[in-house]
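# missing the sequence, but the structure's below:
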């Protein structure tokens, strides 16, 4: 599959490097950035023709798919441009920064019948895939609670490095929208449909940004389970992402790439659990291991997208999954702003 990467920043370079690491499956044929020098610099490292206009890139007959790696508030518009030109799309997280934008993208996706995947690569790691399987099979019993923690450190220089960072219009939010959304997605994957959130947030350790660097929230799920979310970019020097899932017959804890605890009332051996082959969406996860890095998982999500296009099936992580995570994040922001609970409506 031949790709154009849109956005020659750090994330765009990650995608370009990944695409070029998949010979026989993917090829980078264009790098698009409004700044010609940036596009040229990335093309010189990874190949592909440097371009400055998305519309012209999408008009090329040798491009099958477009990877959107722009500031978050530009995701939906760029993806819609690609879809309307007949190209499949990979969108970096979050899907966009408003539900209206996400819904516009979903409407065009449905109208064109093309494939859209939204990056949430942690689902492809061994430990989350294994725990999700255990939950689905009832091995943890009734799920009662979950805790999602994203304790990152971002310096003031990080926010000062780009005019869009820390802005509501283009960044959409702070620690939760940009760093914490991965583990929010995992929490929803494990616990199911969220129906209500209540939250607090603040800007505690940074300056000159309009978004939070610390947030804590409680999520009520339709099943009755209760989730807790903490996200911050003010936890020096940063701690591993952590997800805990609790049920009345078992519990599991994931820290960064590893399953660090797994206990069930049936006495399933923890070592056996940690090395078991996970199953995601009915198929064994490829090349599973005890520790499977985020980079490996990112690669696997690309391979899943390519296979989805080839086989005419939905990708494992699509726009509805991404919209649900976005609705939770925006609900948390609204609750923090108003001081009260926020009901979540969802969309199917």
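Noted; the coordinates are in hand. Being a predicted model, the structure only gives us computed values, none of them experimental.

# list the contacts of the nearest residue to residue 11 once chain neighbours are set aside.
In space, residue 11 comes closest to residue 69 once its chain neighbours are excluded; the distance is 4.5 Å by Cβ to Cβ, 6 or more residues apart in numbering. All C-beta atoms are positioned from the backbone trio N, CA, C, and that covers glycine. The neighbourhood of residue 69, defined by Cβ atoms under 8 Å, 6 or more residues apart in numbering, consists of 5-7, 9, 11-12, 14-15, 92.

# nearest to residue 209, of those?
Closest approach to residue 209 among the contacts of residue 69 (Cβ to Cβ): residue 9, at 17.8 Å.

# how many residues are close by the closest one?
By other Cβ atoms under 10 Å, 17 other residues sit near residue 9.

# go on, residue 321?
If you count neighbours by other Cβ under 10 Å, residue 321 ends up with 19.

# quick one: neighbours of residue 155, just the number.
Around residue 155 there are 12 residues (other Cβ under 10 Å).

# mind checking how far it is from residue 209?
Distance of residue 155 to residue 209, given as Cβ to Cβ, to the nearest Å: 12 Å.

# want to throw the contacts of residue 69 into TSV with distance to residue 338 and secondary structure?
As requested, the contacts of residue 69 are exported to TSV (distance: Cβ to Cβ, whole Å; DSSP: H, G, I helix; E, B strand; the rest coil):
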residue	distance to residue 338	secondary structure
5	39	strand
6	36	strand
7	34	coil
9	34	coil
11	32	helix
12	36	helix
14	36	helix
15	37	helix
92	29	coil
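
# closest to residue 223 out of those?
For the contacts of residue 69, the residue nearest residue 223 by Cβ to Cβ is residue 92; the value is 30.1 Å.

# got the buried residues for the helix or strand hosting residue 117?
Per DSSP states H and E, residue 117 falls inside strand 116-118. Judged by neighbour count (16 or more other Cβ atoms under 10 Å), strand 116-118 contains these buried residues: 116-118.

# now the helices for the stretch 1-150 of the chain?
Ranges of helices in the stretch 1-150 of the chain, per DSSP state H, counting those that start in this stretch, are 10-20, 36-46, 54-58, 75-84, 99-112, 126-136.

# so which of those helices comes closest to residue 314?
helix 99-112 (10.2 Å).

# what about that closest one, average pLDDT?
Per-region confidence: helix 99-112 scores 98 on mean pLDDT.

# which elements pack onto that helix?
Helices and strands touching helix 99-112, by 3 or more Cβ pairs under 8 Å, 6 or more residues apart in numbering; DSSP states H and E, are helix 75-84, helix 319-338.

# show me what the shortest one is in contact with.
To tie it back to what came earlier, the one meant is helix 75-84. With Cβ under 8 Å, 6+ apart as the test, helix 75-84 has contacts from 6, 54-55, 58, 66, 68, 70, 88-89, 91-92, 94-96, 101-102, 104-105, 108-109, 112, 114, 116.
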